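K.L.:
Kindly return the folded structure for what I paste below:
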Amino acid sequence: TPAGGSQPLWARDGRTLFYTALDGRLMSVATNLKGPIKIASPVPILTAAYYGGLTVLSRSGTYDVASDGRRFLMIKEPDDANVARLAQMVVVRNWREELKRLVPVGR
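P.N.:
Predicted coordinates for the structure are as follows:
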């Protein structure tokens, strides 16, 4: 599109192209590639911006289209209330022994 975008993915039916606009919104473009080529104007699918990578050039694989072309799997930017909680990491040392203790084999 003239406004630009990244991460293009086709719907399984091959008639709709999805992409991420530069502002992070998911967009769709209806196409007809049989006979005279027709390409409709882009339409926003979601009004909220979702995670698109650190920069336009680093955007890659941050969403996927379900086989029905109506549902999407996306990485969502955390809101400020969840940032502190998401910044924590839990490391489990000796996890095999813990697993053996919790799920004994042969009983």
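K.L.:
For stretch 36-44, buried residues please.
P.N.:
For stretch 36-44, the buried set under the neighbour-count rule, 16 or more other C-beta atoms under 10 Å, comprises residue 42. Just so you know, the C-beta spots here come from the backbone N, C-alpha and C atoms, and that holds for glycine as well.
K.L.:
swap in stretch 8-15?
P.N.:
Using 16+ other C-beta under 10 Å as the burial criterion, the residues of stretch 8-15 that qualify are residue 11.
K.L.:
could you dump it to PDB, C-alpha only?
P.N.:
The C-alpha coordinates for stretch 8-15 follow below in PDB (Å, rounded to 0.1, in the frame of the first residue of the first chain):
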ATOM      1  CA  PRO A   8       2.300  -9.900   4.700                       C
ATOM      2  CA  LEU A   9       0.400 -13.200   5.000                       C
ATOM      3  CA  TRP A  10      -2.200 -14.600   2.700                       C
ATOM      4  CA  ALA A  11      -5.400 -16.100   3.900                       C
ATOM      5  CA  ARG A  12      -5.600 -19.800   3.000                       C
ATOM      6  CA  ASP A  13      -8.300 -19.000   0.400                       C
ATOM      7  CA  GLY A  14      -5.700 -16.800  -1.400                       C
ATOM      8  CA  ARG A  15      -8.100 -13.900  -1.800                       C
END
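K.L.:
Beta-bridge partners for the residue nearest in space to the middle of the chain, please?
P.N.:
The structure's the chain has its C-alpha centroid closest to residue 63; by C-alpha atoms, centre = their mean the separation is 1.7 Å. The partner list for residue 63 in beta bridges (DSSP bridges) reads residue 74.
K.L.:
again, but for residue 10
P.N.:
Residues found in beta-bridge contact with residue 10 (criterion: DSSP bridges) are residue 17.
K.L.:
burial of the residue nearest to residue 41 when sequence neighbours are not counted, as a residue count?
P.N.:
Setting aside the residues directly before and after it, residue 41 is nearest to residue 29 in space (C-beta to C-beta, 6 or more residues apart in numbering), at 7.6 Å. By other C-beta atoms under 10 Å, the residues close to residue 29 number 17.
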